[in-house]
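Novice: just coords:
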């Protein structure tokens, strides 16, 4: 067991969003995502097979959900639980030089008994 | 889907450690834990059936592991992945009035095929 720090190892240049798996197995996945003004490409929607619980721990971001054309502004500490299949995109992350650090937990529904 | 904030809703009085489930299902569990100088009772060891990935996001804490009598000091942002069955305890959390806010993800091994 090693200690790692969520806020360390942020690159000086970040041409694309950075995604790293911190822990998990082939069932559950805990990721750190670092954005620096990055957002989803125009017209792109995430449509995921797994649930995603996500929190912004630094920076600021705006998520858009296709259903109801709903927009959520996430500040540091804000979290939201996105059900599998819920189409969403990252509309915006703050681009004043601040990194937006996300923590995401992807988890499936439990197997049917 | 609602936004909640990890740092909101901290009680003014905290006679015992506060544990809340933020998301998950009967398989995976995401918890917020708030400590204010709390630690494990003398001689107590956690011995869990699930893996636990845990991060300290505010405050400071010391974890002790029975194996090798290893001690880890966790500052804000520090995370560690504790395998199922690994006996550990919270030796100490900062008690200068600062809350220690933990985020823990309990996740099982995937089912055998």
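Specialist: Cool, got the structure. Here the structure is a predicted model, which means the values were calculated and not measured.

Novice: what distance do you get for residue A:100 to residue B:32?
Specialist: 21 Å (Cβ to Cβ, to the nearest Å). Just so you know, the C-beta spots here come from the backbone N, C-alpha and C atoms, and that holds for glycine as well.

Novice: more crowded one of those two?
Specialist: residue A:100 (24 against 20; other Cβ atoms under 10 Å in any protein chain shown).

Novice: and residue A:45, how many neighbours?
Specialist: Neighbours around residue A:45, by other Cβ under 10 Å: 12.

Novice: and the nearest residue to it once chain neighbours are set aside, what does it touch?
Specialist: With Cβ to Cβ, 6 or more residues apart in numbering or on different chains as the criterion, residue A:45 has its nearest non-adjacent residue at 4.3 Å, and that residue is residue A:87. Taking Cβ atoms under 8 Å, 6 or more residues apart in numbering or on different chains, we find residue A:87 in contact with A:45, A:46, A:47, A:65, A:66, A:67.

Novice: most neighbours among those, which one?
Specialist: Of those, with other Cβ under 10 Å as the count, residue A:65 tops at 17 neighbours.

Novice: tell me the contacts of the closest residue to residue A:14 other than its chain neighbours?
Specialist: Residue nearest to residue A:14 in three dimensions, not counting chain neighbours: residue A:36, with 4.6 Å by Cβ to Cβ, 6+ apart. With contact set as Cβ under 8 Å, 6+ apart, residue A:36 has these partners: A:14, A:93, A:95, A:97, A:98, A:99, A:100.

Novice: if we can go back for a sec, which of the contacts of residue A:87 sits closest to residue A:81?
Specialist: residue A:65 (12.4 Å; Cβ to Cβ).

Novice: what about that closest one, distance to residue A:45?
Specialist: Remark: distance between residue A:65 and residue A:45 (Cβ to Cβ) = 9 Å.

Novice: look at the nearest residue to residue A:48 once chain neighbours are set aside and tell me its secondary structure.
Specialist: Spatial nearest neighbour of residue A:48, chain neighbours left out: residue A:84 (6.0 Å); criterion: Cβ to Cβ, 6+ apart. Three-state assignment for residue A:84 (DSSP: H, G, I helix; E, B strand; the rest coil): coil.

Novice: look up the closest residue to residue A:32, ignoring the ones flanking it.
Specialist: Per Cβ to Cβ, 6+ apart, closest to residue A:32 is residue A:20, 5.0 Å.

Novice: got any ranges where chain A has weak pLDDT?
Specialist: Along chain A, segments meeting pLDDT under 70 span A:111-113.

Novice: returning to that earlier point: pretty sure the residue nearest to residue A:48 contacts residue B:25?
Specialist: No. Counting by Cβ atoms under 8 Å, residue A:84 stays clear of residue B:25, with 11.1 Å between them.

Novice: what touches both of the two?
Specialist: Joint contacts of residue A:84 and residue B:25 (Cβ under 8 Å, 6+ apart) are A:51, A:109.

Novice: neighbour count winner among those two?
Specialist: Comparing residue A:84 with residue B:25 by other Cβ under 10 Å, the one with more neighbours is residue A:84, at 14 against 11.
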